[in-house]
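[1] just need the structure, nothing else, for what follows:
(chains A and B)
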Amino acid sequence: MNPISLATRRLFLNRTTASVGAAALASLLRRPANAAPQGPATGGRTDLPHFAPKAKRIIWLTQGGAPSQLELFDPKPGLKSRFDQDLPDSVRNGQRLTGMTSGQKRFPIVPSIYSFRKHGECGMELSELLPHTAKFADDLCLIRTMHTEAINHDPAMTLLQTGHQISGRPSFGAWIAYGLGSENIDLPAFTVLISRPSGPTNAQPLAERMWGSGFLPAKYQGVRFGSGKDPVLYLSNPEGFTRDDRRAMLDDLAALNQLKSADYHDPEIQTRMDQFEMAFRMQASVPELADLSQEPAHVFERYGPESKKPGTFAANCLLARRLAERGVRFIQLYHRGWDQHAGLPSGIKSQCYDTDQPTAALLADLKERGMLNDTLVVWGGEFGRTVYSQGTLTPTNYGRDHHPRCYSLWVAGGGTARGKVIGETDDFSYNPVRDPVHIHDLNATLLHLLGIDHTAFTFRHQGRDYRLTDVHGRVVNQMLA
Amino acid sequence: MKRSFLFAIVACFCLVPTTHVSAEPLRYNRDVRPILSDHCFACHGPDKASQKAGLRLDMREAATAKLESGEVAIVPGKPNAGVFAERILSDDVNIVMPPPSSHKTLSPAQKKILLRWIAEGAVYEKHWAFLPVDPVKVPTAADLPESYRRTWGDWARNPIDWFILRRLAEADLTPSLRAEAHTLARRSALDLTGLPPQPEFAAKFDPAHPSRYVDALFQSPHYGERMAVDWLDAARFADTQGYQVDRDQDMHAFRDWVIQAFNRNMPFDQFTIEQLAGDLLPDATPQQKIATGFHRNHMVNQEGGIIAAEFVAEYTADRVETTAAVWMGQTFTCTRCHDHKYDPFTQRDYYGLKAFLANVGEQGDGGQDAILLPDAEIDGRLASLEKDATLLRKQLKELSVGDVELTSWTERLVSDRLRWTPFEIHSVSGKVGEPTVSADRTSVELKAIPQGGQAVKLSVNLPRGPAITALRLEATGQKADAQVRLGFTFAQQGKRGIPLTAAREGIAIKSTEAAKIVGSDRRAAIAFTATKAPDVIALVWEPASPLSSSQNKGAAQDALDFSFTLSSSTQPSTWRLLYTTAPADQLIAQEALETATKPAKQRTVADAALLRREFLASSAEAKRLTRQIAALDEQITALKKQRPTAFVMQERAKPKDTYILMRGSYDKPGETVTADVPSVLPPLPADSPRNRLGLARWLVDGRHPLTARVTVNRLWQSVFGIGLVRTSEDFGSQGELPSHPELLDWLAGEFVKGGWDVQHLLRLILTSSTYQQSSRTNARLQAVDPDNRLLARGPRFRLQAEFVRDQALAAAGLLSERIGGRSVKPYHPPGLYELVTAGSTTNVYVEDKGEGLRRRSMYSYWKRSVPQPAMLAFDAPGREICSLRRPRSNTPLQALNLMNDPTYVEASRHLAARMLAAGGDADSQIAFGYRLLLIREPSPAETAVLRRSFERNRKEFANRPEAAVGLLKAGASPVAGKFDPAELAAMTVVAGTMLCLDETITKE
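    Model prediction:
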């Protein structure tokens, strides 16, 4: 297919149909493939944002399986002297346990075998397992008193992502895609990247609903970006069918749809034509985005040895930066494998190998580009882990069960307080003693930073105005810069 | 949808009528309640717990009573006398209602309506949907303005049209022309079968007698399939359990039941009763029990460590909310935790319904009542195998033994004494547990192993000398609370796995726990889980034939590799592998060995019997028979597993107690409640049983105000895209009012009167002039009624996800016509499952071959955690919870799917082959394709576009033959006939373009 015939067809289209398809084609040809965000947001609700946003986008680094706060973020040096002692009943205070440990005869305390050290000017205490993240201590807002109601992975992850334990609600990303629309008409507003842990792990399943659109229209659901031939499903043309062939086919399709439109006047036909044009643009923009080969060597060094392997958390962090650069609103990464009921010391080390350096690299990249100012980065899981050991306890090996009462999570950038620790837990990291932050509070705060009043951002479904935060949530002022 | 747009619709149906009401008093239900409900009821409505200032505005007595403050909100007839007016009119943010924090404001028009309503006496009405369905007078020509009577007086074909026409006249709109015959033939077939009609069938459409065509469609077995798709959304039907483990849950028998029920046109009352309570019908048939699977389709959580009671509460909650939504169009979710904020339902109502639906056997983590389904072929094979096994068992029992042989055998047991010798371990591999070999090389020690262990391989030397007759594995060190999971294989080096025969139960093993494990496995690998492992685990196998090292002198000794996986062990453990060369008849139970050593005189009768039994069992003949029986048993077990099962509801004899759960929480039971129906609805008849059967009959007794309204509304929705009540899942006070209230009631009455006959209702709709209008629109209609609620034109909207694909398969001639059966796995992008699943039996998607790729989409395997992506892209719901209305989006992912999914590339190739095979020139081939797919002739302009496409592509592919070969490779099925690759590829592009047309995926 030579350029002249392409141009001829375009002329034909412009003359005969004056369609948006042709206009979109023309704009596509003008625009360089790696262009930055495309001007004003498209789609989204006209009443949003409610006020000037601090953050334009979110990168949510979801750690599936529940990372142990005791080994990573919540130092409890006092536990050293209590090794293998029973957890006082007064601490547990009758709170429910999972079926995995409720039958245990004792609840022996196990201190972290990993040590903590102060970092940055703020002196935030972080684990030796996070040497890279620790370099950004002064950028983090660490919450040590996150809590949730759910005690099993599936309901807990569903609550974290959709604000409700039971299926049916839209995910956070879907709310944002619906509310704020896209900054790049060539890419979906909400993308999801799932990585493969490198070590042998107990990887808890995820489900489509966690990035689903719930009762919002399906177009707001998260689009999974894979690491294979088709980063977005069905992206590649069939074998033997070139991009020129596709262009020609779409021109024919547009001509036929235009004839129908002229007869039926249904605006849906025009919308359909627009969608085919966007699909065509995605066929160029997505591979360009997913192609890391042009990234210089020092970038891969920064993201670490795993970053050249497609589908790793490191590679996905790098992709997340590229998505953010292109104006994608909500970028959700999932890394599974934190569910260490046994063998926690070795398991968590392997997980930190996968995640620590790439996370820090992402922060560094965003900072270097001045994007950390308007990008919210969130790192955390669906709940925490118990201070007592599950199964056999030895000085070097132990496990921990699920713990919803308190756990740690951090947020950076996008107008969050820097170098700050929020909340305090008791001596056993079992109960919050100061400033508890519920998932609804976190979500209310993240929405606030995006310029949205969480109580006013609603969608009518089954006669009720639903919110991401349901009827709960408060903005945590301490989290704001 | 944009806010402003929503408002336009509200305006259309709420405010427009009020413009001509200056003469007519306001109607509470139509004009007032929607405003009060949306702005006031959350704090001044039915939910006592959240009532502010003691004010309740949803009831007249309460709204006009004295408040806590001593003031009165509403004084009927005197708008300025009560504080209500003062508060809604105030400019003071501290006084105005609704308060700014609610993010709700009353418009000036709304305030005016409220004040006028008070002035007119503040007359309340019961919510329209709770009022009985009274007979409705069908409008006549006399009800139309003169001009309409003249032009449209003979437009109506049945009562539906009179209601529609009267409303159009009110809005100053006129009906559209009738659609072309081919359009109606396609539209009706898509509505009733979800498939395009065959061209010969479509030709039978007779505009003078549309009902003949409709009746012919009712005869198609695909009618039941089409109707089932919507019902399966309501029934949250899926192939897996959902939640994180998401195991398979084969409910295809229920799906088949639904299809057949529609195909037999089962009256909707019976359809309801069988699904809610088929098991409680007298002499319930298997089919009626299968129907109760409706309420077993909810999700089931098998995540490790869940608290069972928490999820039992979820499952019953799902049943309550689904029942309320499907049959009553009510949102009960709110009342799980508190009284409803908008509708007159209490928390007690919720748990009263729950008491009907909870009385079944279920454990939180799965176990629920199921029945085995008959299957002629499997049942026949089972009977034959069982007969053989019985015969062999009889033979085994009849084996006899002489006393002399018994005595001599017993003496040999004592003199030879069964000896186990440890193998010498020459190497060990495996990282997990850091295996170390003992100094004498006879045992290996493993440290505690966290979860996710990997295989340990012991290689031992196979000793020269007498052949080995049995192997024994011993593990010591496991404490009683250890969690052990083992899988292992034996392999003699240079050979494949060694077939092991089962050791007889109890052979040389003390532990009964381990004895069970030995079981009947004849393969070289077994696995077991023992939650209470004994101190010593000992397992013994007999190889099918004795093992011996090669006897070549000078050659190295043969090695025996023994691999096992200890996937989790909380204790360190020591492992030994031993062997014996004792004759096979000495491999007997440990206790028999001990008995044999007793002097003959000290043996009891029981001892003697034990020895006799063991001797018999150790004979070569007995072992042969035992092996054969074990083999048969294994086949029988495997076959039984293939028998289809269905989960069903089975009423427990003793009713479970039901409590109001405080804040809906499973662990906070409050007051006990008995089964009862919501108090705002007609009461349960006194003689009605308080079980599911009573509930089901109450729903369909014809007096229930909601069941018929809700059901006809959903049927209307399936045809016109939007229900007469747009919020088809919510007929409560927050739901939208019906666009044509009287038509809705007329249809509901007609439905009940006609014996809940679904086809009668659909026939009425499809033969109406309303339905048969052209779906062309215009600028005025788009401005006045963009959603076509008033139906000044025919319906035009995108096909449901399933039918987009089904249609392509049908037009391509690929579609399998088979009805019902198990789910199938069509084309699916690789890698979707692997990254998100784990520990499930279903964590890899293996595409079917052959027919499974070509069946209707409703049979596609539906995994709740990773649903079919193409279906999701076209708005299919996740089937995790009940869904009664699908959104319709229009996205680039849909475009990518249509362009590049191998399903469509393959369908294009087949459609192209059919077009080419039709003969003639390109124009006539294109016309043939149009007739197959769109049931019409292409226009000259359309033909011209596609002919140019064909010619251009043919040239392209002739120049690039490898490209043609590539394009034609997609999909598994070959096309019939021989074609020039360039021509076929070019026509494939043409057909693919046709499959992507807006018209193709649209019912118009």
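
[2] could you say which helix or strand holds B:Thr322?
    Assigned by DSSP states H and E, B:Thr322 belongs to helix B:308-328.

[3] for the following helix or strand past that helix, C-alpha coordinates in PDB please.
    Sequence-wise, the next helix or strand downstream of helix B:308-328 (DSSP H and E) is helix B:347-357. C-alpha atoms of helix B:347-357 as PDB (Å, rounded to 0.1, in the frame of the first residue of the first chain):
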ATOM      1  CA  GLN B 347     -35.100  -4.700  58.600                       C
ATOM      2  CA  ARG B 348     -37.700  -7.200  60.000                       C
ATOM      3  CA  ASP B 349     -39.100  -7.600  56.500                       C
ATOM      4  CA  TYR B 350     -35.700  -8.500  55.300                       C
ATOM      5  CA  TYR B 351     -35.100 -11.200  57.900                       C
ATOM      6  CA  GLY B 352     -38.700 -12.400  57.500                       C
ATOM      7  CA  LEU B 353     -37.900 -13.200  53.900                       C
ATOM      8  CA  LYS B 354     -34.600 -14.700  54.900                       C
ATOM      9  CA  ALA B 355     -36.400 -17.200  57.100                       C
ATOM     10  CA  PHE B 356     -38.000 -18.600  53.900                       C
ATOM     11  CA  LEU B 357     -34.800 -18.900  52.100                       C
END
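
[4] distance between helix B:347-357 and the chain's centre?
    Offset of helix B:347-357 from its chain centre (CA atoms, centre = their mean, to the nearest Å): 24 Å.

[5] quick one on the thing from earlier: dump the helix holding B:Thr322 to CSV, restricted to CA.
    The C-alpha trace of helix B:308-328 is given here as CSV (Å, rounded to 0.1, in the frame of the first residue of the first chain):
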residue,chain,number,x,y,z
ALA,B,308,-18.2,-20.4,57.7
ALA,B,309,-21.0,-18.6,59.5
GLU,B,310,-20.0,-15.3,57.9
PHE,B,311,-20.5,-16.8,54.4
VAL,B,312,-23.6,-18.7,55.1
ALA,B,313,-25.0,-15.3,56.0
GLU,B,314,-23.8,-13.9,52.7
TYR,B,315,-25.4,-16.7,50.7
THR,B,316,-28.8,-16.3,52.3
ALA,B,317,-28.5,-12.5,51.9
ASP,B,318,-27.8,-13.0,48.2
ARG,B,319,-31.0,-15.2,48.0
VAL,B,320,-33.1,-12.6,49.7
GLU,B,321,-31.8,-9.7,47.6
THR,B,322,-32.1,-11.7,44.4
THR,B,323,-35.6,-12.8,45.1
ALA,B,324,-36.7,-9.2,45.9
ALA,B,325,-35.1,-7.8,42.8
VAL,B,326,-36.2,-10.5,40.3
TRP,B,327,-39.8,-10.9,41.4
MET,B,328,-40.6,-7.6,43.1
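
[6] same for it, what does it pack against?
    In terms of contacts (3 or more CB pairs under 8 Å, 6 or more residues apart in numbering or on different chains; DSSP states H and E), helix B:308-328 is packed against helix B:221-234, helix B:347-357, helix B:692-699, helix B:707-720. C-beta: built from backbone N, CA, C; applies to glycine.

[7] rerun that using 6 Å as the cut-off
    helix B:347-357 (3 or more CB pairs under 6 Å, 6 or more residues apart in numbering or on different chains; DSSP states H and E).

[8] other residues contacting the following helix or strand past the helix it packs on?
    Once the chain leaves helix B:347-357, the next helix or strand it forms, by DSSP H and E, is strand B:370-372. By CB atoms under 6 Å, 6 or more residues apart in numbering or on different chains, the residues outside strand B:370-372 that reach it are B:Lys289, B:Arg643, B:Thr645, B:Ala646, B:Phe647, B:Val648.

[9] of these, grab the buried ones for PyMOL.
    Only the buried entries of the contacts of strand B:370-372 go into this PyMOL selection, using 16 or more other CB atoms under 10 Å in any protein chain shown:
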select buried, chain B and resi 289+646+647+648
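
[10] and the helix holding B:Thr322, how far out from the chain's middle?
    Using CA atoms, centre = their mean, the offset of helix B:308-328 from its chain centre is 15 Å.

[11] show me which positions of that helix end up buried.
    For helix B:308-328, by 16+ other CB under 10 Å, it's B:308, B:310-328.

[12] flag whichever of the contacts of strand B:370-372 scores worst on pLDDT.
    Lowest pLDDT within these is found at B:Arg643 (81).

[13] list the beta-bridge partners for B:Ser459.
    Beta bridges link B:Ser459 to B:Ser427, B:Asp561, judged by DSSP bridges.

[14] that one is in contact with B:Ser427, isn't it?
    Yes: counting by CB atoms under 6 Å, B:Ser427 is a contact partner of B:Ser459 at 4.7 Å.

[15] count of neighbours near A:Ala52?
    6 (other CB atoms under 10 Å in any protein chain shown).

[16] what's the separation between it and B:Trp575?
    For A:Ala52, the distance to B:Trp575 equals 68 Å [CB to CB, to the nearest Å].

[17] neighbour count: B:Ser459 and B:Ser427, which is higher?
    More crowded of B:Ser459 and B:Ser427, by other CB under 10 Å: B:Ser459, with 17 against 12.

[18] residues in contact with the helix holding B:Thr322?
    By CB under 6 Å, 6+ apart, helix B:308-328 touches B:234, B:295, B:298, B:301, B:330, B:332-333, B:336, B:353-354, B:357-358, B:363-365, B:666, B:699, B:706-707, B:729, B:882.

[19] element containing A:Gln204, please.
    Following DSSP H and E, there is no helix or strand that holds A:Gln204.

[20] and the gap between it and A:Ala255?
    50 Å.

[21] now B:Gln110
    Going from B:Gln110 to A:Ala255 by CB to CB gives 48 Å.

[22] higher neighbour count, the two?
    A:Ala255 (25 against 20).

[23] how near is the more buried one to B:Thr993?
    Taking CB to CB, one finds A:Ala255 at 10 Å from B:Thr993.

[24] picking up where we left off before, show me the contacts of strand B:370-372 that map onto helices.
    Using DSSP state H, B:Lys289 are the members of these that sit in helices.
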